[in-house]
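**Q** Would you be able to build a 3D model of this:
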Amino acid sequence: MLRYLFGLGLFVLTTVSSVCAQTIQDLRLAVNSPQTIRCVVDLDQQAEIVLSHLKSPPRLVVDVKKASFSQALRQKQFNQIDFVAGVRLGTPSSEVSRIVLDLSSNDITEKHFTLPPQGGAPWRFVVDLTNDTPQVGIKAFSNTAQSVATQAPAKSEQPKKSIMRKKIVMLDPGHGGQDPGAISRSGKYEKDLTLKMAKETKVLLEKAGYKVVMTRDKDYYVTLRGRIEKAHKANADLFISIHADSARSSAAKGLSIYTISETASDKEAAALAESANKADILFGMDLSEYQPEVGNILIDFAKTYTMDQSAKYADEVVKEMAKEVTLRPKAHRYAGFAVLKSPNIPSVLLEMGYLSNKEEDKALQKESYRNKLSKALVRAVNTYFSKHVEQ
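**A** Model (predicted):
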């Protein structure tokens, strides 16, 4: 899942491949957020797809090789939705079926991923288009003529060097307000500790050149869904939720990091996730009822780029933290934390240590100790973006 700036010329990317002829069954456009339009292409088989970003006029060309359009799709008409001005279908050659998305601006970013068949749904190729300066409202008019898009990209539109925006990191201090989280042996609240850690990490990330947004910057409560929504509104590239652990046994200690999974890696992880997720139910928000585009996150999420990227960042955190502090055995763990369920933002949940352990409680209250954790997090962010995210 990559992000590029339109208007910088032509960029071509080949995605998944197949040698069999296939049918493009349907194409759907929908508002996915106030800034994002989602385009979903349904196919009866996995396909080889090439994306071309063209500048003048601004448009995204989606070439599906060895495929043909269904009759229903050929007859389908599309309405303009905000900055997607129209959809055109064409067959520039016998080997290629082409979809052209006409755009109203050159300042639009893009992410894409593929979803395999699941629950009766076909193969899906998903493109999220985000307008960094969105217009207000949804404009609609009938696109009555779907002209054949047979023209090859102009030779003058040669690849140019991309100018990448700052990566955006969302920091999520756990708990807050009427939800104190764990209470340490010394009587300190987890919500206060996570906020301190987030603020300190924010300073270091900004010095490293990142744009940092926080789900909260004071002592107030934010719903679990609200945290996810804030990350999407910020167009975040990485989501880091910060917490501190607690256990019945005062001997339990060590830092751990979680990524999403339908099946927890152990009973303790499952219990921890269940306890955390119940917070929203207690405060009036049952997260079991999501909007359609979010409701099946765990099903799609487990199969998409995002889960893999989350794990890659978590592994980098483990490597860096191991240089600084004590880790739990198998420090990278998996659980169904609701706050990690964003479908297209790599997300991790950091448990800094055990407030129920006397030594770790004492250490976590010290800024110097938290600074070691923050520096390790930043080093992991640097490695993640340079090693695992294509620029």
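
**Q** tell me the secondary structure for residue 235?
**A** Under DSSP: H, G, I helix; E, B strand; the rest coil, the three-state class of residue 235 is coil.

**Q** brain fart, residue 368
**A** Here residue 368 is recorded as helix under three-state DSSP.

**Q** Also residue 172?
**A** The three-state label given to residue 172 by three-state DSSP is strand.

**Q** what's the spacing between stretch 87-100 and its chain's center?
**A** Distance of stretch 87-100 from its chain centroid, counting by CA atoms, centre = their mean, to the nearest Å, is 30 Å.

**Q** For that stretch, C-alpha coordinates in CSV please.
**A** C-alpha atoms of stretch 87-100 as CSV (Å, rounded to 0.1, in the frame of the first residue of the first chain):
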residue,chain,number,x,y,z
VAL,A,87,-15.0,6.9,-14.8
ARG,A,88,-14.2,5.7,-18.4
LEU,A,89,-13.7,2.2,-19.6
GLY,A,90,-11.7,1.1,-22.6
THR,A,91,-9.7,-1.6,-24.3
PRO,A,92,-6.5,-0.1,-25.7
SER,A,93,-5.4,-3.6,-26.8
SER,A,94,-6.7,-7.2,-26.9
GLU,A,95,-4.6,-7.9,-23.8
VAL,A,96,-5.7,-5.0,-21.6
SER,A,97,-8.9,-3.6,-20.2
ARG,A,98,-8.5,0.0,-19.0
ILE,A,99,-10.3,2.0,-16.2
VAL,A,100,-9.6,5.7,-16.2
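
**Q** Okay, buried residues for it please.
**A** Using 16 or more other CB atoms under 10 Å as the test for burial, stretch 87-100 gives 87, 88, 89, 90, 96, 97, 98, 99, 100. Backbone N, C-alpha and C define where each C-beta goes, glycine included.

**Q** Touching, residue 46 and residue 123? I think so.
**A** Yes. The criterion here is CB atoms under 8 Å, and residue 46 meets it with residue 123 at 5.6 Å.

**Q** Overlap of the contact sets of those two?
**A** 114, 116 (CB atoms under 8 Å, 6 or more residues apart in numbering).

**Q** sorry, back to before: which pair of the buried residues of stretch 87-100 spans the longest distance?
**A** Of all pairs drawn from these, the greatest distance, 16.6 Å, lies between 87 and 96 (CB to CB).

**Q** need the strands for the stretch 251-391 of the chain, in chain order.
**A** 255-260, 327-335, 347-354 (DSSP state E, counting those that start in this stretch).

**Q** quick one, helices of the stretch 151-300 of the chain?
**A** For the stretch 151-300 of the chain, the helices defined by DSSP state H, counting those that start in this stretch cover 190-207, 224-233, 267-282, 292-295, 297-301.

**Q** State the mean pLDDT of the longest one.
**A** What that stands for is helix 190-207. The average pLDDT within helix 190-207 is 97.

**Q** Check which helices and strands it sits against.
**A** Contacts defined by 3 or more CB pairs under 8 Å, 6 or more residues apart in numbering; DSSP states H and E place helix 190-207 against strand 168-173, strand 211-214, strand 238-245, helix 367-388.

**Q** And the contacts of the first one?
**A** Outside strand 168-173, the residues within contact range by CB under 8 Å, 6+ apart are 191, 194-195, 197-198, 201-202, 205, 210-216, 227, 230-231, 234-242, 339, 345, 381.

**Q** what number of residues lie near the closest residue to residue 128 other than its chain neighbours?
**A** Counting by CB to CB, 6 or more residues apart in numbering, residue 128 lies nearest to residue 111, which is 4.6 Å off, once chain neighbours are set aside. The number of residues packed near residue 111 is 21, by other CB atoms under 10 Å.

**Q** Leaving out the residues flanking it, which one is nearest to residue 316?
**A** Of all residues not flanking residue 316 in the chain, residue 380 sits nearest, at 4.0 Å (CB to CB, 6+ apart).

**Q** Can you give the contact residues for stretch 355-363?
**A** Stretch 355-363 has contacts (CB under 8 Å, 6+ apart) with 182-186, 188, 190, 193, 244-253, 326, 353-354, 364, 369.

**Q** Mind giving me the PyMOL command for buried ones among these?
**A** The PyMOL selection below is limited to those of those classed as buried (16+ other CB under 10 Å):
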select buried, resi 182+184+185+188+190+193+244+245+246+252+253+353+354+364+369
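
**Q** residues making contact with stretch 369-376?
**A** Contact with stretch 369-376 is made by 196-197, 200-201, 204, 255, 317, 320-321, 323-325, 352, 363-364, as judged by CB under 8 Å, 6+ apart.
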